[in-house]
Every structure is written in C-alpha cells, then in structure tokens.
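1. for reference, the sequence and a predicted model appear below.
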Protein chains: 4
Amino acid sequence: MLTLDFHPTGRHFLQIPGPSPVPDRILRAMSLPTIDHRGPEFGPLGLKVLDGIRQVFKTRHPVIIYPASGTGAWEAALSNTLSAGDKVLMYETGHFASLWNKMALRLGLVPEFLAPQGTDEHLPGAPGWRHGVRADLIEERLRKDTAHEIKAVCVVHNETSTGVTSDIASVRKAIDAARHPALLLVDSISGLASADFRHDEWGVDVTVSGSQKGLMLPPGISFNAVSPKALEAMKTARLPRSFWAWDEIVEMNKDGYWPYTPNTNLLYGLAESLDMILGEGLDNVFARHQRWGAGVRTAVNAWGLPIQCDDPALYSPVLTGVITPQGVDADAVRRLIHERFDLSLGTGLGKLKGRMFRMGHLGDSNDLTLIAMVAAVEMGLRLSGVKLAGSGVQASMEYFAGHPAGTALRAAA
Amino acid sequence: MLTLDFHPTGRHFLQIPGPSPVPDRILRAMSLPTIDHRGPEFGPLGLKVLDGIRQVFKTRHPVIIYPASGTGAWEAALSNTLSAGDKVLMYETGHFASLWNKMALRLGLVPEFLAPQGTDEHLPGAPGWRHGVRADLIEERLRKDTAHEIKAVCVVHNETSTGVTSDIASVRKAIDAARHPALLLVDSISGLASADFRHDEWGVDVTVSGSQKGLMLPPGISFNAVSPKALEAMKTARLPRSFWAWDEIVEMNKDGYWPYTPNTNLLYGLAESLDMILGEGLDNVFARHQRWGAGVRTAVNAWGLPIQCDDPALYSPVLTGVITPQGVDADAVRRLIHERFDLSLGTGLGKLKGRMFRMGHLGDSNDLTLIAMVAAVEMGLRLSGVKLAGSGVQASMEYFAGHPAGTALRAAA
Amino acid sequence: MLTLDFHPTGRHFLQIPGPSPVPDRILRAMSLPTIDHRGPEFGPLGLKVLDGIRQVFKTRHPVIIYPASGTGAWEAALSNTLSAGDKVLMYETGHFASLWNKMALRLGLVPEFLAPQGTDEHLPGAPGWRHGVRADLIEERLRKDTAHEIKAVCVVHNETSTGVTSDIASVRKAIDAARHPALLLVDSISGLASADFRHDEWGVDVTVSGSQKGLMLPPGISFNAVSPKALEAMKTARLPRSFWAWDEIVEMNKDGYWPYTPNTNLLYGLAESLDMILGEGLDNVFARHQRWGAGVRTAVNAWGLPIQCDDPALYSPVLTGVITPQGVDADAVRRLIHERFDLSLGTGLGKLKGRMFRMGHLGDSNDLTLIAMVAAVEMGLRLSGVKLAGSGVQASMEYFAGHPAGTALRAAA
Amino acid sequence: MLTLDFHPTGRHFLQIPGPSPVPDRILRAMSLPTIDHRGPEFGPLGLKVLDGIRQVFKTRHPVIIYPASGTGAWEAALSNTLSAGDKVLMYETGHFASLWNKMALRLGLVPEFLAPQGTDEHLPGAPGWRHGVRADLIEERLRKDTAHEIKAVCVVHNETSTGVTSDIASVRKAIDAARHPALLLVDSISGLASADFRHDEWGVDVTVSGSQKGLMLPPGISFNAVSPKALEAMKTARLPRSFWAWDEIVEMNKDGYWPYTPNTNLLYGLAESLDMILGEGLDNVFARHQRWGAGVRTAVNAWGLPIQCDDPALYSPVLTGVITPQGVDADAVRRLIHERFDLSLGTGLGKLKGRMFRMGHLGDSNDLTLIAMVAAVEMGLRLSGVKLAGSGVQASMEYFAGHPAGTALRAAA
C-alpha cells in the first residue's frame, strides 16, 4: 500500500531552484529493477554514464560519481586536494558559498572569505550577495600571497541562493595573472547542464556538481570533475579520506565499476538524463534556459520589484531571486502561494531570510509551466497586499509568445 | 527513449546477497515526483521514516539517515566518535571486516585486527572466515588494555562475504566483563531487517546499516544508530567531519528535516519498505528469513558441498556461502549460471576469490524464487562437471513443502 | 527500449474534454502486474470496484463494467433493451447525440431525432447545439405517441461537443407527465464524476459512461448502470447481443468476477480512482469542477468571445466551448497553440468544425493548470490576430484568487 | 494511496495460459500519460502499431484493433461477415470453441458443431478435446453442402482449454478441396505471437486475437485480421453492427486514427510489445516457446501423468494440460499450489472441470520461471497425495540444461 499522497488534485508545481521537476521518463527509468553492480550488465552502464557526464562537464579527464548528495561532493573536493591547516581563498557570493566556507572550517582548513565591501539599498546586510565573483579582488589577494600559502581558490559558479552566475573563466585568468599555483575549485551544483560550463577550457581543477538541478534527477548522486593538476595534488593532500577518495574510484571506473556499491537506480536515471540532454544538444539546453530566465525576469520587471542579481550580465538562467518590498515577509508570501496554488518557491536563505524568494526555471518545464508560476506569484503578491507596478503575467506571455523557442539565442543577440 | 534493457525475456534472478530484489511496490513509490525537502509535506515524511527506522533498529535513540551508500556510514561511525591516532579493536570475520579495517587505517586510526589462528581444510588461508566473532578473544584483549587506549571495538554482525552471523550480545558482555570503556561499533549492513538485531538491548553504540539488503531498497541511503554514549563521544572526537557529522542532522531531524538535501525518492521507498516490514512484524520477517536459509542450506547439504559458515548456530538467514571443490573455479560456475539461466550469485571476495560463491535469500523473494535459484546452481554445477552427492532441488522442495511458512520458528524450535 | 517520447521538455497540457489528464497515482496503480481474473485475489477487487462505481452513479442497482471503450457502452444500452424496428426518441444536443442517433440507425432501430427549430447569430446551422434538452418538446412528442410505439428516450447529460449539461430530472418528469412507458437512456460519458448525476433519484433506466473523463482513467472501460425496469426490458429485447449482454455479467458479478476476461489493469486504475473520488466526496468533486468552470468562463467573457453554451444555467462544469469570430479558423488556432505551447484543446466537431474550440477543465488539474490553459489560449488567439476585449488571464486569476477552493458552492450561491 | 497489495513477499507466478506475465518494459510504457487521440502525436503511434501488428499476423491486409477484450473480437468476426440465419460450421476442439459456438447461437446464426466421435480412457466425456481439428471431417461436411448454405468455417488455432494447436493450413486445403466458398474464421487468441501463424499464406479470412497472451499485454485490446474476401463479405452481411463495424475503422486507420476513442495506454504497451517481438524475430519467438513447451512436457512425462493433448504433433507451445489421476480433484491441487506457493495455474474448463489443470509457458518467462512452476506443481501433487513416477523437476532441469536457448529449433529437428 503506497502511503505517499501529497497532492489531492493536479500536479504540484515544484519551482524551487532544485530539486528540479523530474521528467517522467527519468522516474520510469529509475524504477527498473536493481541489477548486480558487479555483474556483466553493469560495466556498460557505468561506462555509458561516465562518458556522457564527461561531455556535460566538457572535460576529457575523470569525473567521479558519488552515491551521495551534493554536499558530499563539496567535502570530496576539499579532502582530496588539501591538508589540515591549508589556507584556501573562498568568495562570498551568497548562502552556499558561506556553507562551503563553514565546511572548510569544520574540516580543519583555514579559509579566508573574500567579500566585497559596500552597501545596498534593498539588502544592506549582504553587499556581495547581489553580484558575482570579482576576479580583480581575487587577483589582488593572490598577488599578496607571495609565499603561496593559499592552496586553493573556491568559488561558486551559479549561486543558488541569489541567482547570480559568476564568470569562472575570469577567475582562472586572475589566478594565472597573479602567477599563483592555487587550485581552482568550483561549485557548479546548480549550474551544470543549465548554464554554459567548460571544465577544461576554463582551467577548473575540481568542479563539484549534483544530480537534482540541471540533470533533472532526484537528489542522491554528486560529482567531482578533476583536472590532472588536482589528481597530482591528491598525492600530497593529507586530509583523511576514504569514502571520498578519488584514486580507487578512478581506477575501477576504467571498466565501468565502482569500488563500493553505487546508487544503481539513480545511475539508470542519469543514463536517461544524459540521453535527453546530449540528444537535445548542450547549446540548445543552455539557450532554452536563457530564454526561460528572460521570460521570467520580464515579469519581475513588470511588477516593479528588484531582481536579487544586480548585474544583468550575470543573471542566472536557472533561477531568479525577487526582493520583496520592505515590510513584506517573503516567506509568508511563499506559504500563501503554496497553500492556495500548490506551488513551491525557494526561500530566502541565510542573510536573505524573509527578504526575497526564488523562482526556479529549470528541470522538466515549459513555457506554460513558467507562466503558471508567474501567475501564482502575481496572485500571491496581490493577496499579500503588495502593490505591483503592472502585470508580470502579461509581460511573460508577451515575451514567450514573441520569442518562439529555438530562436532564443538569436533573439538575445 | 528508455535505453536500459538488460534482459530480453523473463525477470532476472538477482540472488546476490544485496542489493536484494526490490519489490515493485517500492520501485513504484520511488517513482513519485520529487518534492521540496524544505516544504510542509516533507516534515511528516521525514518524521515517519525516522520513527519507523528506529523501530527496525530497536532503539529509542537517534538514527541518522545519510543520502549516501553504506560505505559512507562506516566512515561516519568512525569519524563521529574517534580521533586521529586512536586505537580500535577490529575483528576479522571476512572481507567486509577487512575493508572496514582498511578504512580505519586510511582515516588515520590505529586498528588492531584480531583474527583467530588455526587452519581449515577447505580454505587454509582464511581461518577466521568460517566463524563468528569470538567474544572471549575480545575480552582477553581488552583486559590487557589496562590503559584503555582502545577507544572502540568494531565487529560485523552479518558478514556478507561469508554468511556468518555473529553474536553481538556476547561482544557487549565481553566488553563489560573486561570493565572496558570502549565503544561498540557494529556493522549490520546486511543483517538489519532480516536477522534479529537489538541496538539498545545489546548495548551497541553505533550500528551501521544500508538500504539495499533487508530493507529491500536500491542502494543509496545508509544509517548510523547512535547511543547516548556515542553522542557523548562525538563531543571529543577530533576526526574532521562535516557531511557525516551527526550533530546538525540530529538537531534538524526533530522536525523531520535535514541540514542538506536528502535523497527524497529513496525516502519514499524507505517509507514504503517500513510499512511492509513493520506491517508484517519484525519477528515474522526474521522467521521468514530463517526458513528461507534453512531451505537453501538443505540443498547445499544434499549436494555434499561444504557451507562457508562452519558453525550451524551462526548460519546467516540472509545468505549461504558454498565452497566449491578444489579445482573448480567458483567464478566460472557463476558466469555460466548467469549466461545460461540469467541468475546472479555473489562472488567469493578477497581471500575467498574463486573458492566459493554466495546465494542470497533476502529481499523480494518466496519459496519458488529460492527453489529456482537452487535449480540454477545445481544445473550450473553439473554443467561445470562438479559431482554432486544428491539433488539439492529435491531436498529444498521437501523442506519448503514440509515446512509451511508461518510455522518456521516452531519447526526450528 | 521505450520508444514513446512525445514531449522533449515539460509536461504536455492535455486540455481536451477527455481523455482527461490521468493522475500519477492511477498510472502507477495500472502498472501493477496483471493477476489471474479467475483467482482468489480477483473477486475482492471486482467487488470493490463494483461497489464503488455504484456509489458514483448513485444507484443501488447493477452497474455493468465493460472491457471496452465508451462507444461500446452506447451499443450495449440499445442492444440490451430494444428490438429491431423499435422507435426511439433521441434529442439533438450536439455531435455525440448525433453519433448515438447514427448508431441506432445502424443497429436497425428507428430513431426520431428531435431538434429545436430556430437560428443562431453565431452558428446558424446548429440551432440546438447551444442549448440543453427541452423536456417540454419531449413531453409534447410522447403525448402524441398514444400507441406507445416509442420504446426509449435517449438524451445526453453532458454534451461533450458543446459544453451544455442538460437537466435529466426534467426529462424524467416529462416522460412521467406524458404517462409514457418509454425507457430513459442517458449518456453521461463526460458528466459522470464531474457533474452531479443521480441514476436512481432521477429515474434513469440506463446510464452510459466511460473511464476517460471524470474518472480520470485512460480510455478502455465503460459502463451501463441499469434500472430494474431496464433489466425487465432486456427479457423481451431482441437485438442480437453476446459480448454486451447484461445477464451473464450481472450473474457473475455477484462474486466479483466476469464471464470473460476483464481489463484487469484498468480495474486497478478504477479502484484507485474510486478511492480518490469517494475519499474526496462526490459533492466536493462537483463543487471543484463548478469552480473550475466558473474560473475559465470568466476568461472567455473577458475576451469578449461567445461561449458555445447559451444558457448559463446549463454551463458544463467539465468543458467550455468558445466560438471564434467569423473568419477565424478555430482549428488553425488550436494547431498553433499545440505547436507553440504544447497544449491540446478539443476541436469543433461535426456542424461546429472550425467555428469553435473546447477547453477541458477536468481530470488531474488545479488552478495553475487552468490558468496556464487560459494563457495558452490567449496567446494563441492574439498570435492568430484575434482582437480580444480584455485579458482572460487576468480575469481568471482574479476569479481563482478571489474564490478559494472549498468555498466554491457557497460563492456560487 | 495505492490499495492494491496482493502478495506480501516475492513475485506471484502467473502461470495460467493468459493473461500472461507482462514484462516490466510494457507495464512502464503503459504508464505514460494519455495523449489526445485526435492530436498530431497520435497518428504516428497508430501507424506504427498497425504496421507492426500486420507483421505479427503475417498479413498485408487490414488488421482491426478493438479497444475491447478478446471475446468482443469473436463477435466482430461473426457480425461483420454474416447475417441472421446463416449456417456456420464450427469444430469442437474444447471449451473456447464451445463458447464461440454458443455466441454464434446468441447472435442468431445457425452453427453446426462438428465433433469427432469416440471415447477416451481418461476423459470419456470429451472425445474431441484431446485432438486437433480434423480437416477431413470438415471437407466431408462441406462436400455435402452442395447448396453452399454454410457461410463460414470457424476453428480455433490454439485451443487454450486443452493445449492443442490445430493445423490451420489443412483446414484451408479442405475447404478448397471441397470447392466450397465458405469463409475461414480462425481464433488464434492464445496462439498469435507464440505459435507459428500465417494469416495470408494459410488463406484465413478473419483471424481473431487478443492482447493478453503472446503479445504479453494486459487484457483490453483485441484484433481482427481480415482478408479481401472477408471485406467483400462485409458488404452483404446483415447482422447489426456499429462498434464492431470494420468499414469506418479501416478508413480512419489509413492515417493512424480511429473513429472512436481507442485504448491509448494499451496501444503504448502494444508499441513496446511489437518492438520486443519483432526485434527478437518471430522465428526466434516461436522457437523459444517450442523449447519451453518441450521442457515442461518432459516433466509431465517424468511424473507419469497424461498430457491433455493426445497428438504430439499438435502439442501447444503455449500451454500444457495435465490430466490428474481419477479421484484427484485438479482444482483442489491448484488451490493448494496457490496458497502454499503463490503460483496460479489454469483450471480445467467446461467438460474438463476438476479433471486437469493447465500450465502456461508464455509471456515474460525464462527457464528458471518454468522450472519453478514445475517444482510448485510437483510439490503440490505430492502434498495432495498423488503418486508420481519420477521427478519432473529433474527432467525439466536436464532438458533445459541440455538444450541451450537459441538452438531449440535445431535440437527439435
């Protein structure tokens, strides 16, 4: 007797920026019977997903797949490359950058948390949380580190708490400009497979990602894409590690197997997801998310509410943060929308609690899903007494009707 | 397009001792749409599974559910309770005990690996691998540790590589008899929910388990059941930890949530599994596995082949290891059975490689499934040229026909 | 390899007035393994669905479940109660009434097809297709039939081609007022379980229905609810019948079985559907559809387009027909909406071809689904060059935001 | 909440000769969301299944797919080709032939029911039920019908109640030898896609089949393959028909659509089934069933029990009927096997009630499934006190081990 029955009528609209809505195809693939992870059928499955995921990361080097959710892959990136007491330079782009910083502390590293100074009219307490990583500040800091005590630079590609997508290539250029040997570790948990990402070309040493965002899977598997330089760093890194250790996994992956039990049914889902994403073509996938983001932001602009990301060049194609007017509890709005319209929005995290909400535009979605989300938010804001400058729904409809899918990149150009 | 298609006709027989065959009910529950792990529907789901899993462990204390496979829960047990350089007493019951020992080494602990001396006619290289944990040896060793340098005793409850179920209560008695303060850490990854297990009554401090055995789920979530003494030890344990750290999880679990993204769809499966297991009643579940094991061993005896477990009191209700005659490559037999009869058996691991195979009798099975397994093995052995003393299939059929389900405990008494 | 893959990204919006969107719960229930339709597990399943479906029809008398789609149940109603050459009085409410009339002709009956005279500014060729059954015309006709040659009166409850829900109780009153012995046969294929229907109270002799509308199942099973008078008529009815014959089915249904192979997996779905519908409560189900219909019609009114149903008292709670302006090909609009927004609308059938489209508001839906449908139609109309008086989306949003679910009946009162 | 939960542990063994065990692939395909049967995605699906099913019937002419179970397709075959009072020659091969005869009577036809005379030691009351159609008797009868009053000859290809597969080509030859114009109508409900069948080559005019046997689908759709001669006969056939009428369906099928609502989700399943069957190759499918049948019959022979089919040339590849010794109630044995071993067998039907049971060897099966069935039957017979000459399980194991799949045809040759 299946006792899970969350929604009495109609589909729930899961519009948080991950876990994203999972396509039925993937849910069905995941419900196939579990097979022997040491048997002859497993190796080809393993090789297939390992090959496909490398294409998504745009790397020719190993990608480790962990049978663990994304937070674990953060830990793996640090513990495979660093030793207790190592200095790492992290950059405060938002809540997830802050959590990664906190993890580094717990693991015995010495993180320095770079954050731009300044103030913001809407969110005075979080000056950096509306912008991307400033590569100039990183370069400046690294130039001062003449002893090369900083072993790694850690930045978040697509900051899920704010909807800002940082320019990772510029960070690599900054490190190189400073002639600094630090590793570049990047969290693209919510960027991968939605926003353009190029592990090899951008010179990333470890990219961390997870299953439950652009890959459109349930949570439960996560990734480390690792450069040859990262593999070299592993040999001298002294943080204790066993479950997260890359070496045995890379070795056994050559035949498509893992040293310990993998999450077989999520790998079925990953195989299906890769078929969908690579079949559509990564550039088409990116263009699709760019178009979705543009359509949703049109609505926010029409309402006259500020977008959390203050730099239009860095708008995330995955989610849009919306700042509520002073005095309006964003979480109360979210709860009302959930109760009345069966739609989930992302909450304001950490320093943004109560001041904003996040609209996800990723996963198994389409124009109508997103227009429905905009409608739910508009109704929820009005029911909460928020005065809106205009109709976001009309603006989104005009955008989506006026910009047919498949031409988004050209339209944006 | 679903590209996974392993078996052209008929269902594969997954008779490895885990991952176990997953009931359709659970596969279907897992295919429900992913929900927001911060939303109002999630808390009740979290509380339900946390309450149910405590009943399965027979504990009133916290059970941590990790979105990671079982090997991770081993690491969690060690890293939450110990510090670099700590001595731990481990006991060599087989391959998984050896792997746990190896992990302790990698994490910077100082494990002492107890193994009984002696020899064995069939498997001279692995004297302890046909027996259970000898509590007297543990007591003896702890009595010598007058400085209480040993911080933990680590034993495996149901050794999946051999099919021996050790007496955990006796280990607790040995520790107490030695008046030693060491923690008792137990791996019951393959024992839980199939073999009798009592976390509180047996005085276990940390029990490690996983989803893909008695709980009949795919791999991907794992458990630490923790005693108050273990929670106390956590406060001074200095191994670095973040993903595995108990404290934040225990705190957030009070409301049914997790500090980071849980494996939502596997929790759906766990909810369904708990409904099935607790609905049937744990004692009935244990009796069912005892009966299954007895029926399968009857076949092995009829063939005249030695059972890996040399102590009838410790026969595992989960799996039966079968030693092949000298000169017969057990893995060649397994491959032949897989190719000809689409049935997977467990391989001989570590020191047992090529010398034995393992027949699983757990998960979504019934009398006919097990008789089919016995038939496949019998055909495979004969096709491999192994002389058998008699028909195992006939023996199993007589056992199952003569011992109706539901009366197994009485019949065994 | 699953080769069905219709929609590359996001869920298709199936907004035709049936087949309706099927809830995941039902799709999963239907995917359980088929069981023996003569075995001991089947009887309880059969009795459960037979009992539940009687509650949905509001009858204490037999309901026949056919393993055939709805058109078959039309034939069953006629062939079990009538003989070749029998006169039947049918009433032209739209396309489906016309098809039933055509079927009666094919079966050798002599149908008389009542249709009100008159004209209509928008649809001059189909005067009756914007109204309900006029009981006064039926009474008038029956009074003239003093020889009682008319053996049955056949009317459609919820005309799926127009969105008009006729008053069935009034037809029964008309027959009684005329003191005429004719049977009352009613098609409620698209009305049952969405619109109020009372087989016993309204004195219906045979109600015909199907699975793919209010019951939210895929097509494939259909129903005849039969009164004692209909069962009596069966004894003298001479149309040849075997598959459709009620007698053997009613007899075997007493134990929950069928004389020939039933559609087992659709019965699983029916069991699940009945749990959902009866669990929610029929009155709540009706109120939900009334509210949905009101919200959608608000949009049509805002656009300034005529609703196909010209009698507000008879607006269907299941679907709304929208007449396009002269010169606008409704099917071209539908195609554009399908291509651009992945949403299906119902076409104009028969005499209405190209002049209108139909918006379904039934099945697994919710406020946001319906607002998305309204948005798609609004975008499609605008892209087709149709001038709209105002925004239907805004109107619908105001309606749904202003009329919370659960208070619809009171709000309507 | 899914309330269907038939089997507490392990998979039920559905070994009746249909509905056959449905592969997971097909169950998953059937659980895809229902689409618009008038929309642009539907036509290609319709054309695909219509093309594939013609290949399975081995015909270049139309195959009608009904959204109704198999009994309906019997009715369709008769009502499209015959008129009230027409004489038809039917042949008593068993229970299903008898039911078809009964249906012909109900529909107003005048069937003559040919049955060979004689007696049988085991089943004296049913002389023809252990043999196939005798073409000589048909030829003899047709020669006497010099006025050509007999309009059709109706025979069953694979008689599901007995396990006898008749020689259809010989019946065609008999009709031709008698220079008689009668149509040849054949029921291959349980033969199609398991036993060799050639609609065009054998000169069949209408072949009736269903989904729930060799096609491995749940029940709910059925088929009429129709020759040009049958389509010609339709024009003068006067039995009333509407739902079953071929003409409109054939016409609309040209574009992949149906005149009324098809059973969409079963068509998904059919598409998947056709991919599996045609992908494997029909000859391989037939050889597979031949091998399965041979392996099962080996067991029956070892037990020393008579096989229902008394002509080895006509053994069905789909099922094997087993006659129980005098005094042993076959249904009591079946019930015991169901209760103790969760396996369903086919009952003795009609004249065979209580005297035999039927073992199905079709659908989603493999060697181990069938050996498990044999083991269940052997245990059940022994528990019922039946003395067996030897072990059927050993015999089957020897057969299957000695005859690897893929070489069955050669081995049989």
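-> Thanks, I have it.
2. at which residues are the strands of the stretch 151-300 of chain A located?
-> A:158-159, A:164-165, A:183-187, A:206-210, A:222-226 (DSSP state E, counting those that start in this stretch).
3. out of those strands, deepest packed?
-> Burial of these is given as mean neighbour count (mean count of other C-beta atoms under 10 Å in any protein chain shown); strand A:158-159 ranks first at a mean of 32. Yep, even glycine has a C-beta here, placed from its N, CA and C like the rest.
4. what helices or strands is that strand leaning on?
-> On a contact count with 3 or more C-beta pairs under 8 Å, 6 or more residues apart in numbering or on different chains; DSSP states H and E, strand A:158-159 meets helix A:95-106, strand A:164-165.
5. among those, which is nearest residue C:260?
-> Nearest to residue C:260 among those is helix A:95-106 (60.9 Å), distances taken as C-beta to C-beta.
6. only the buried residues of that closest one, if you could.
-> Using 16 or more other C-beta atoms under 10 Å in any protein chain shown as the test for burial, helix A:95-106 gives A:95-101, A:103-104.
7. before we move on, what about stretch A:279-290?
-> So stretch A:279-290, judged by 16+ other C-beta under 10 Å, has buried residues A:284-290.
8. tell me who's in contact with residue A:401.
-> Counting by C-beta atoms under 8 Å, 6 or more residues apart in numbering or on different chains, residue A:401 touches C:340, C:379, C:382-383.
9. most widely separated two among these?
-> Spatial extent of the contacts of residue A:401 (C-beta to C-beta) is set by the pair C:340 and C:382 at 11.3 Å.
10. the residue nearest to residue A:103 when sequence neighbours are not counted: neighbour count?
-> Nearest non-adjacent residue to residue A:103, counting by C-beta to C-beta, 6 or more residues apart in numbering or on different chains: residue B:242, 4.4 Å away. Neighbour count for residue B:242, taken as other C-beta atoms under 10 Å in any protein chain shown: 22.
11. pLDDT (mean, whole number) over stretch A:245-253?
-> Averaged over stretch A:245-253, pLDDT sits at 98.
12. got it, and stretch A:116-128?
-> On average, stretch A:116-128 scores 80.
13. measure that stretch end to end?
-> 6 Å (C-alpha to C-alpha, to the nearest Å).
14. how far does that stretch sit from its chain's centre?
-> 23 Å (C-alpha atoms, centre = their mean, to the nearest Å).
15. buried ones in it?
-> A:120, A:122-123, A:126-128.
16. which residues are contacting stretch A:79-88?
-> A:78, A:104, A:107-112, A:145, A:149-154, A:183, A:185, A:205-206, A:224, A:226, A:230, A:233-234, A:236-241, A:244-246, B:240.
17. what about the closest residue to residue A:239 other than its chain neighbours, how many neighbours?
-> Once flanking residues are discounted, residue A:239 sits nearest to residue A:79: 4.1 Å by C-beta to C-beta, 6+ apart. Burial of residue A:79 is recorded as 26 neighbouring residues (other C-beta under 10 Å).
18. shaky segments in chain A?
-> Along chain A, the parts satisfying pLDDT under 70 run over A:1-8, A:407-413.
19. get me the contact residues on it for chain C.
-> Residues of chain A that fall close to chain C, judged by C-beta under 8 Å from any C-beta of the partner chain: A:2, A:5, A:8-11, A:13, A:23-25, A:28, A:276, A:280, A:288, A:340-343, A:364-369, A:371-373, A:375-376, A:378-379, A:382-383, A:391, A:393-394, A:397, A:400-401, A:404.
20. just the buried members of the residues you listed?
-> Among these, those classed as buried by 16+ other C-beta under 10 Å are A:2, A:9-11, A:13, A:23-25, A:28, A:276, A:288, A:340-343, A:364-369, A:371-373, A:375-376, A:378-379, A:382-383, A:391, A:393-394, A:397, A:400-401.
21. tell me the residues of the stretch 301-413 of chain A that contact chain B?
-> For the stretch 301-413 of chain A, the residues in contact with chain B (C-beta under 8 Å from any C-beta) are A:335, A:338, A:344, A:347.
22. now the buried members of those.
-> Buried, going by 16+ other C-beta under 10 Å: A:335, A:338, A:344, A:347, out of those.
23. re the thing from before, in strands only, show me the buried ones among the residues of chain A next to chain C.
-> Members of those lying in strands (criterion: DSSP state E): A:13, A:343.
24. could you dump the longest helix seen in chain A to CSV, C-alpha only?
-> Using DSSP state H to define each element, chain A has its longest helix at helix A:282-303. These are the backbone C-alpha positions of helix A:282-303, laid out as CSV (Å, rounded to 0.1, in the frame of the first residue of the first chain):
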residue,chain,number,x,y,z
LEU,A,282,24.1,21.3,-24.8
ASP,A,283,23.9,24.6,-26.7
ASN,A,284,20.2,24.1,-27.1
VAL,A,285,19.8,23.3,-23.5
PHE,A,286,21.6,26.5,-22.5
ALA,A,287,19.6,28.6,-24.9
ARG,A,288,16.4,27.1,-23.5
HIS,A,289,17.3,28.1,-20.0
GLN,A,290,18.4,31.6,-21.1
ARG,A,291,15.0,32.1,-22.8
TRP,A,292,13.1,30.8,-19.7
GLY,A,293,15.1,33.2,-17.5
ALA,A,294,14.4,36.1,-19.8
GLY,A,295,10.7,35.4,-19.8
VAL,A,296,10.5,35.2,-16.0
ARG,A,297,12.6,38.3,-15.4
THR,A,298,10.3,40.2,-17.8
ALA,A,299,7.5,39.5,-15.2
VAL,A,300,9.6,40.7,-12.3
ASN,A,301,10.4,43.9,-14.1
ALA,A,302,6.8,44.5,-14.9
TRP,A,303,5.9,44.1,-11.2
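25. and the next helix or strand past it?
-> Using DSSP states H and E, the helix or strand that follows helix A:282-303 in sequence is strand A:319-323.
26. right, and residue A:135 touches residue A:168 too?
-> No: with contact defined as C-beta atoms under 8 Å, residue A:135 does not count as touching residue A:168 (9.3 Å).
27. if you count what's nearby, which of these two comes out ahead?
-> Using other C-beta under 10 Å as the criterion, residue A:135 and residue A:168 rank with residue A:168 on top: 29 against 21.
28. ok, and the closest non-adjacent residue to that one?
-> The nearest residue in space to residue A:168 (C-beta to C-beta, 6+ apart) is residue A:202, at 5.0 Å.
29. test my guess that residue A:178 contacts residue A:146.
-> No: shown here, residue A:178 and residue A:146 do not form a contact pair, counting by C-beta under 8 Å, at 9.9 Å.
30. what about these two, which has more around it?
-> residue A:178 (20 against 9).
31. how about that one: what's its closest non-neighbour residue?
-> Using C-beta to C-beta, 6+ apart, the closest residue to residue A:178 is residue A:142 (3.8 Å).
32. tell me, how many neighbours does residue A:236 end up with?
-> Residue A:236, neighbours per other C-beta under 10 Å, totals 9.
33. and it, how far from chain D?
-> 49 Å (C-beta to the nearest C-beta, to the nearest Å).
34. show me chain A divided up by domain.
-> Following the assignment in automatic domain parsing, chain A carries domains at A:13-19+A:282-412, A:24-279.
35. list the contacts for the closest residue to residue A:176 other than its chain neighbours?
-> Distances taken as C-beta to C-beta, 6+ apart place residue A:203 nearest to residue A:176, at 7.6 Å, with adjacent residues excluded. Going by C-beta under 8 Å, 6+ apart, residue A:203 touches A:172, A:176, A:184, A:227.
36. of those residues, which is the most crowded?
-> Going by other C-beta under 10 Å, residue A:184 tops those with 24 neighbours.
37. give the contact list for it.
-> A:152-153, A:155, A:171-172, A:175, A:203-206.
38. hang on, the earlier thing: quick one: which of the helices and strands packed on strand A:158-159 is nearest residue A:58?
-> strand A:164-165 (16.0 Å).
39. which residues touch the closest one?
-> A:93-94, A:129-132, A:157-159, A:191, A:195, A:308-309, A:311, A:314-318.
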